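> Requesting a structural model of the entry that follows:
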Amino acid sequence: MKKNLIKLITVLAALALLMSACAQKPDSPKPADTAQPVTTEAAADPTDAPTEEPTDTPVPTDTPVPTDTPAPTAASIEPGTNVALTAVELEVSSSTGPGHVQWGWSYEYINDGVKFDATIPNLGWTSAVGQYPSLEDIDDIEEWILLELETYTNANKVVVWPTIDGSCFPVDFHIEVSLDGTNYTTVASVEGNDSAAKRSSKPVTMEFDPMLVKFVKFVITKPYATLSGADGILCQLCEIEVYSC
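Here you go, the predicted structure:
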């Protein structure tokens, strides 16, 4: 009897254990976490990045240097030619009005090659009448005649002709020359000329070292100190000649 009771208890215990095991369901296996892609590339190293080859720094070009203006050269002219006859420009400090042309006075007669021909009439150039009415004005007077030659010319002589009776020919005067019409050099001068006092029509020759010229200027710094009636102090010439060499 006692044995049977032990067996029964053993069976009941086994049964209880079985029922307990059945009551507990096994946990469902957790799904594995979705695998995240693993980036195998290491963080970009800026030192490993391909670098562009630096372009050469542009070299500034030199500022163009202006070339020197070619020096003027003399035209081929027969030595001893009066190049004043072909001057392309003639200017004077003053001149008379149109009414005096009929009497033979015009600045255009100063380089026309005509001397002492009152029949045309053609007496030469005279400064403006009436602008110096008193002898007290004599220290303030400066008159001039400017010739621009046709070409650059080697010259060495200027000849100035008084009018037919020499009256009103200047006392002090000089010659200036230039290549550009701006910068002038005095090359010959005369002081104390007495042509007017002697009423001489003899020409005055002014020679200088041969040089290249384009502009020739005859400058009067002292006129003859006498009044020509109501016309006042005047400066008068018959002709100017410029000679090539």
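
> Would you state the strands of the protein in chain order?
Taking DSSP state E, the strands of the chain run over residues 89-92, 125-126, 143-161, 172-178, 185-190, 204-222, 236-237, 239-244.

> Quick one: work out the angle between the fifth one and strand 204-222.
Taking axes from the mean of the first three to the mean of the last three Cα atoms, to 10 degrees, one finds that strand 185-190 is oriented at 100 degrees with respect to strand 204-222.

> Strand 185-190 pairs with which strands, parallel or anti?
Sheet pairing for strand 185-190, assigned by DSSP bridges, gives strand 172-178 (antiparallel).

> So which bits of the strand it pairs with are buried?
Residues 173, 174, 175, 176, 177, 178 are the ones in strand 172-178 that count as buried (16 or more other Cβ atoms under 10 Å). All C-beta spots, glycine's among them, are computed from the backbone N, C-alpha and C.

> Contacts only, for the nearest residue to the first one once chain neighbours are set aside.
Nearest residue to residue 173, sequence neighbours excluded (Cβ to Cβ, 6 or more residues apart in numbering): residue 220, at 4.8 Å. Contacts were defined as Cβ atoms under 8 Å, 6 or more residues apart in numbering; by that measure residue 220 touches 141, 142, 143, 144, 170, 172, 173, 235.

> 7 Å - rerun?
Residue 220 is in contact with 142, 143, 144, 170, 173, 235, counting by Cβ atoms under 7 Å, 6 or more residues apart in numbering.

> re earlier: need the strands of the chain in JSON lines with mean pLDDT and distance to residue 109, can you?
Shown next, in JSON lines, are these (pLDDT from 0 to 100; distance: least, Cβ to Cβ, whole Å):
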{"stretch": "strand 89-92", "mean pLDDT": "97", "distance to residue 109": "10"}
{"stretch": "strand 125-126", "mean pLDDT": "96", "distance to residue 109": "6"}
{"stretch": "strand 143-161", "mean pLDDT": "98", "distance to residue 109": "11"}
{"stretch": "strand 172-178", "mean pLDDT": "98", "distance to residue 109": "18"}
{"stretch": "strand 185-190", "mean pLDDT": "98", "distance to residue 109": "22"}
{"stretch": "strand 204-222", "mean pLDDT": "98", "distance to residue 109": "14"}
{"stretch": "strand 236-237", "mean pLDDT": "96", "distance to residue 109": "9"}
{"stretch": "strand 239-244", "mean pLDDT": "98", "distance to residue 109": "8"}
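
> Take the ones you listed and lay them out in CSV including distance to residue 115.
Output for the strands of the chain, formatted as CSV (distance: least, Cβ to Cβ, whole Å):
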stretch, distance to residue 115
strand 89-92, 17
strand 125-126, 12
strand 143-161, 6
strand 172-178, 18
strand 185-190, 19
strand 204-222, 13
strand 236-237, 11
strand 239-244, 5
